[in-house]
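> The sequence and its predicted three-dimensional model are supplied below.
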There are 8 protein chains.
Amino acid sequence: MGQKISVLIVMGSDSDWGIMERATQVLKEFKVPYEATLASAHRSPDRTRKLIHSAEERGVQVIIAGAGGAAHLAGVIAAETILPVIGVPIESSPLHGLDSLLSTVQMPGGVPVASMAIGKAGAQNAALFALQILGRSNPEIANRLRSYKEDLAAQVEAKGKQFHGQSQSD
Amino acid sequence: MGQKISVLIVMGSDSDWGIMERATQVLKEFKVPYEATLASAHRSPDRTRKLIHSAEERGVQVIIAGAGGAAHLAGVIAAETILPVIGVPIESSPLHGLDSLLSTVQMPGGVPVASMAIGKAGAQNAALFALQILGRSNPEIANRLRSYKEDLAAQVEAKGKQFHGQSQSD
Amino acid sequence: MGQKISVLIVMGSDSDWGIMERATQVLKEFKVPYEATLASAHRSPDRTRKLIHSAEERGVQVIIAGAGGAAHLAGVIAAETILPVIGVPIESSPLHGLDSLLSTVQMPGGVPVASMAIGKAGAQNAALFALQILGRSNPEIANRLRSYKEDLAAQVEAKGKQFHGQSQSD
Amino acid sequence: MGQKISVLIVMGSDSDWGIMERATQVLKEFKVPYEATLASAHRSPDRTRKLIHSAEERGVQVIIAGAGGAAHLAGVIAAETILPVIGVPIESSPLHGLDSLLSTVQMPGGVPVASMAIGKAGAQNAALFALQILGRSNPEIANRLRSYKEDLAAQVEAKGKQFHGQSQSD
Amino acid sequence: MGQKISVLIVMGSDSDWGIMERATQVLKEFKVPYEATLASAHRSPDRTRKLIHSAEERGVQVIIAGAGGAAHLAGVIAAETILPVIGVPIESSPLHGLDSLLSTVQMPGGVPVASMAIGKAGAQNAALFALQILGRSNPEIANRLRSYKEDLAAQVEAKGKQFHGQSQSD
Amino acid sequence: MGQKISVLIVMGSDSDWGIMERATQVLKEFKVPYEATLASAHRSPDRTRKLIHSAEERGVQVIIAGAGGAAHLAGVIAAETILPVIGVPIESSPLHGLDSLLSTVQMPGGVPVASMAIGKAGAQNAALFALQILGRSNPEIANRLRSYKEDLAAQVEAKGKQFHGQSQSD
Amino acid sequence: MGQKISVLIVMGSDSDWGIMERATQVLKEFKVPYEATLASAHRSPDRTRKLIHSAEERGVQVIIAGAGGAAHLAGVIAAETILPVIGVPIESSPLHGLDSLLSTVQMPGGVPVASMAIGKAGAQNAALFALQILGRSNPEIANRLRSYKEDLAAQVEAKGKQFHGQSQSD
Amino acid sequence: MGQKISVLIVMGSDSDWGIMERATQVLKEFKVPYEATLASAHRSPDRTRKLIHSAEERGVQVIIAGAGGAAHLAGVIAAETILPVIGVPIESSPLHGLDSLLSTVQMPGGVPVASMAIGKAGAQNAALFALQILGRSNPEIANRLRSYKEDLAAQVEAKGKQFHGQSQSD
């Protein structure tokens, strides 16, 4: 775990990879160095702490934490660092992620976690939000985010035009 | 924090005392030595760990943790000990304790937390459940629990008889 | 039902076996004598009572009750004994176990039930929590729980290292 | 508890009286002999069973059970009798009666409980539903229910006419 | 629709038959004459009213209404009759029947609907509850209900014994 | 009930007036003739039907229905007319209007109800939506709606400027 | 986007088409000119605004907006127009459309959105409600809606009769 | 709106000030220039857009948006900027902020909003999270955040010691 990285992605379980992989795809697209690894708030608390305590010196600017059920991971990480922590609630219990969402977002005053949506959209947005943070001091990333935003709009525009054929005027 | 205690009660905030005091009343009634103190999973993670790591040598047999909102306290404690951890969800956010309940009870496989009901009934029952655990190796406590149970029934019986006057047989 | 057992596992229906079997696997691993059987709070109340009333003399130290829907089983058992009762809410209705969870956990003051998570994680943790209780007077079980906890951490560590390959540093 | 009664009203706690009294008012109005008493599924299971087992010989035709939290009372009663059991969920926990409702209504196949609305409307309707059952073999009660229904409509009609003044036709 | 029937089963849609058929199986088993038909509170209000208004003269003693979504059917029927109306919430929308349950059970004071559980267990219990009502004036049905109840217990007993093999006592 | 009105407002109970009055204030402001009256889907079904059946010939263009609990009123009205029906869920039960909302909005395909927000905002918007419908064939109302919209923006602008003083730039 | 249309259907994503197509089927059946297109409140806000601002001059009388998750589309459109806006919540997240429903229906006072049910029933009803609005100034559409309503009832009647065979009168 | 500010706080309504003021207190404490103002996504969409479009040139690094009900404000702002947007759900409807939370957090992939907890804790944390972002390029702010974190722990420590007197060791 020696090289410099800007974003650290932590998952509570390897079964979360299917969701959290979406975050890494965005970071790859933006060519931002990241590391994705496992560390459980409940099963490996020491590993989690060590990972966080070494994060700042490794150059980490933002931490993304994805977890399901009683999703304590993001909160437990936020307790140990002043780096911005973004939480991704993962649907892994019969309650469809409502438990993960509330466990992630309802943090007490003093220790913020930035919660994203449940699941893949949340993982994608966690990466984009990390980039928005990096973009505050990195104009190149900011510019690429502007292009990304324009692309989103252009895609809707293009699909909307193709779609036009489905309209009808008697 | 030197004396021997059997039950350690931890609260995330002093505003939880109004609820958790109910647990101490039960333990006092049973003359079981306990300590009630504050330690936040998010605001004072080191203090929380130290408290738990010193618990076993202080003779603690059971830990009760009460917290509100994204109630990570019981889970974070359970991650650090093999002592039984009982969680009391506290209603402290606009969501009426649903967030605290799900954050407390929906623990992943491997790290159990025993969740009680939200609020005062939960605090009372956390103490009784701690006594039921102690009662497994302490016959006197077991006997007192039997009396307690009989008293509960007797109280309902007595109230039910007084209440009888409200019946009617036109 | 004559032999000595330490843990009694009761299910409301044989359809709950797929979930509750997870509890028995943990107890087998720890070589703790248990019995798993059926008894419904609603369909066979007499059987349930007899089972509970004979539990203490059979040496039972902890009772685990798994049920779905309006899951009254754990509460009904707790009404009849001073043994610690652990409830496992099972997802068996369209409401995804929210009904089972609330029926299990929201017990009135005086009669505690220790609720675990909904489903398999809850069944696994019920067995572990039972072992944590037994471990209070059985140092061998306590030691094995310490190893179990270390194994959990080691597994995350190992998986985390393998996983490392997925990281990227452009 | 010797006299003949048609409807037995059972409450889990005397704090439920404020709600369940509404049921007794309706029964008084219809001059149907009833008894209202306390019996807790959890704190006094024996009393509850005795009450139910003596109900048939006392002439009871319908049982109404009101309870809050993990409201097991109606289900536990239904397990012991073939008399129709009507459940009234009572709002007594931070969850606003959602727990009581789900614990009352989500009964497994084989043991029905007829759930009414949460709170006072539920208590009133429990009594009316009991009367509808009695009305199946008692034409006088059936006739009085017809009048009651007409009165409800007439009251709305009357209030609606008075209210008419608030309309406007500029 | 001429012959005498004791129980009228009404469904809001033919897609509800998969659930409501369960009610007819119970009634067939008890050899109680019934009719199951369609009538929607929203799509065929006139048909619904005619069906209800002719019910009493056809000998109907109890009405069972099954519906999904904004399940108004049971309430709309209860508005038109003093016969006992039993509602079965059906899971037919993305909300898993929570909408049907609340629409069925939360009736205003004055017009009771007896709500059963969501889905098949509810349909089965609706029929059993109808039989419990009929049993109040029909001792044969009452006796058969007693046997049914004993059978339920015997089935659990038998399954529990077979199941016994899964227990273990190291 | 003879004069011509454009909007008919129906409430299930006079206790709903505190909420529904908000709708009449908007209509008064726009000088649109309306009538507000009581009619319960459950307690006065005949009155409700008569009211709706006479609505078209009285010139009614839109119907607004406000109700709480199992709020069937809007749906029952929509079953009887092809006029647009707007539903206002009212918070009148312990469930805070979630029951009213789901009972109002989850209508089956074929019989639409347009649901507004729970409570006063919903009542205000029901009137505005009725005006938007009337505005389709009444240019004066359309113009007044444009002014209303501009006023809303101007009010936020004005309040925002006053508020400006609270900003700070150290 | 030049021709005259009466109803504009906007979707937040092309994945919503499977649901929203149901609305277009109804409009086709009624031979009402419409256009269905894509425009996202979040990914293409400019396109959305242009679409709405040009709607009135294109003759649009009603706008239907379908979206999932944090479904802002209908509200964002309603902010820009005095045309009636109908919202269709779409189930596209793990929360089964509860998020879409609340995001669509809980609009603040001043800016109404008419919410339909979640999913296909909602899409069908959005089109029917649009027709009910058009029917206020177009007697032909009103007449066709009357026939549609009669057809709905006739279909239930017909299915109910076929279904009759399933009844039984022992 | 001319001076340089680092954080822009936008509220949907002046009634949100009671909650959002908490954010400004934190920013004042850290001496970070901010502006707090009103702009509604629904009632003043133009003002909202202008505010956002001028934000970057005014030096704004982070935007905080607080809103209740169908809380679209944060999402609508995020649609118009690549600055990080933090959402604070505000409890302003009968649903206790569940609607605001889901409307804020469940954003679609591509347009992130960082959601905080409902209410005051969320407002406080929004400011702290904004500071954590600013701290990435401002070491002084980072240092002050470290002190703030130590102060939080010290406060719990101090309160915990005072509290110690409540412990008991019979």
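Yes, it's here.

> so what's A:Gln132 up against?
Going by CB atoms under 8 Å, 6 or more residues apart in numbering or on different chains, A:Gln132 touches A:145, H:82-84, H:112. Where C-beta positions appear, they are placed from N, C-alpha and C, glycine not excepted.

> Could you show which parts of chain A are in contact with chain C?
Chain A comes close to chain C at residues A:1, A:3-5, A:14, A:17, A:21, A:24, A:27-28, A:31-40, A:43-47, A:69-70, A:93-96, as judged by CB under 8 Å from any CB of the partner chain.

> Tell me if the longest helix along chain A is near chain H.
Ranked by residue count and defined by DSSP state H, the top helix of chain A is helix A:139-163. Yes. Judged by CB under 8 Å from any CB, helix A:139-163 comes into contact with chain H at A:142, A:145-146, A:148-149, A:152.

> Make sure A:Asp99 is actually in contact with B:Met107.
No. The pair A:Asp99 / B:Met107 is not scored as a contact, 10.2 Å apart, by CB atoms under 8 Å.

> Return the distance of A:Phe129 relative to B:Lys159.
Going from A:Phe129 to B:Lys159 by CB to CB, to the nearest Å gives 57 Å.

> Show me where chain A has its helices.
Taking DSSP H as the criterion, chain A carries its helices at A:17-29, A:45-53, A:73-78, A:98-105, A:120-135, A:139-163.

> Name the spans of chain A whose pLDDT lies under the cut-off.
Regions of chain A meeting the criterion pLDDT under 70 cover residues A:1-2, A:164-170.

> center of it, which residue is that?
A:Ala126 (2.7 Å; CA atoms, centre = their mean).

> What distance do you get for that residue to A:Leu145?
A:Ala126 sits at a distance of 14 Å from A:Leu145 (criterion: CB to CB).

> What residues does chain A have near chain B?
A:12-13, A:40-43, A:45, A:68-70, A:72, A:75-76, A:78-80, A:93, A:95, A:98-99, A:102-108, A:110-111.

> Might one say that A:Ser103 is in contact with B:His72?
Yes. Checked against CB under 8 Å, the pair A:Ser103 and B:His72 is within contact range at 7.3 Å.

> Pull up the overlap in contacts between those two.
Taking CB under 8 Å, 6+ apart as the contact rule, A:Ser103 and B:His72 both touch A:70, A:72, A:75, B:103.

> Would you mind confirming that A:Asp14 makes contact with C:Ala158?
No. If you go by CB under 8 Å, A:Asp14 and C:Ala158 don't touch, sitting 10.5 Å apart.

> Which of A:Phe129 and B:Lys159 has more residues huddled nearby?
More crowded of A:Phe129 and B:Lys159, by other CB atoms under 10 Å in any protein chain shown: A:Phe129, with 28 against 17.

> show me the residues around that one that make contact.
Counting by CB under 8 Å, 6+ apart, A:Phe129 has contacts A:86, A:114, A:116, H:84, H:112, H:114.

> separation between the residue lying closest to it once chain neighbours are set aside and H:Leu51?
Using CB to CB, 6 or more residues apart in numbering or on different chains and skipping the chain neighbours, the partner closest in space to A:Phe129 is H:Pro112 (4.1 Å). According to CB to CB, H:Pro112 and H:Leu51 sit 19 Å apart.

> Who has more neighbours out of these two?
Between H:Pro112 and H:Leu51, counted using other CB under 10 Å, the more crowded position is H:Pro112 (30 against 23).

> on that earlier part again, for chain B, state which of the residues of helix A:139-163 next to chain H is nearest.
Comparing the residues of helix A:139-163 next to chain H against chain B with CB to the nearest CB places A:Leu145 closest, at 29.5 Å.

> what about the closest one, neighbour count?
So A:Leu145, with other CB under 10 Å, has 19 neighbours.

> Touching, it and A:Leu134? I think so.
No. Assessed by CB under 8 Å, A:Leu145 is found out of contact with A:Leu134, at 9.3 Å.

> For the residue nearest to A:Glu80 when sequence neighbours are not counted, which residues are in contact?
Leaving aside its chain neighbours, A:Glu80 sits nearest to A:Ile52 (4.6 Å; criterion: CB to CB, 6+ apart). Residues near A:Ile52 by CB under 8 Å, 6+ apart: A:63, A:77, A:80-81.

> So which of the residues you listed belong to strands?
Cross-referencing the contacts of A:Ile52 against strands under DSSP state E gives A:Ile63.

> among the contacts of A:Ile52, who's most crowded?
Within the contacts of A:Ile52, neighbour counts (other CB under 10 Å) peak at A:Ile77, which reaches 27 neighbours.

> List the residues that contact that residue.
A:10, A:41, A:48, A:52, A:63, A:65, A:85.

> Would you mind measuring from it to H:Ile141?
Taken as CB to CB, the span from A:Ile77 to H:Ile141 is 20 Å.

> repeat for A:Gln124
As judged by CB to CB, A:Gln124 and H:Ile141 stand 29 Å apart.

> Same question for A:Glu80.
19 Å.

> residue in chain A nearest to chain F?
Nearest to chain F, among the residues of chain A, is A:Leu98, at 14.3 Å (CB to the nearest CB).

> Please verify my assumption that that residue contacts G:His96.
No. Taking CB under 8 Å as the definition, A:Leu98 is not a contact partner of G:His96, at 10.0 Å.

> if you count what's nearby, which of the two comes out ahead?
A:Leu98 (24 against 20).

> and that one, what does it touch?
With contact set as CB under 8 Å, 6+ apart, A:Leu98 has these partners: B:102, G:95.

> Pull the most distant pair out of the shared contacts of A:Ser103 and B:His72.
A:Ala70 and A:Gly75 (10.2 Å; CB to CB).

> Find the residues that touch each one of those two.
Common neighbours of A:Ala70 and A:Gly75 (CB under 8 Å, 6+ apart) are A:103, B:72.

> ok, stretch A:138-152 near chain G or not?
Yes. On the criterion CB under 8 Å from any CB, stretch A:138-152 is in touch with chain G at A:Leu152.

> tell me which residues in that stretch are buried?
By neighbour count on 16 or more other CB atoms under 10 Å in any protein chain shown, the buried set for stretch A:138-152 is A:138, A:141-142, A:144-145, A:148-149, A:152.

> A:Leu131 and A:Lys28 touch, don't they?
No. Using CB under 8 Å, A:Leu131 is not in contact with A:Lys28, being 11.7 Å away.

> Can you spell out which residues form a bridge with A:Ala114?
Assessed by DSSP bridges, A:Ala114 has beta-bridge partners A:Ile86.

> That one: how many residues sit nearby?
34.

> Go ahead and confirm it touches H:Val85.
No. In this structure, A:Ala114 is not within contact of H:Val85 by CB under 8 Å, at 10.2 Å.

> residue contacts, A:Pro108?
So A:Pro108 contacts B:12-13, B:40, B:42-43, B:68-70, H:117, H:121 (CB under 8 Å, 6+ apart).

> ok, A:Lys159 to G:Asp14 distance?
5 Å.

> And the residue of chain A that's closest to chain E?
For chain A, CB to the nearest CB, closest residue to chain E: A:His96, 9.7 Å.
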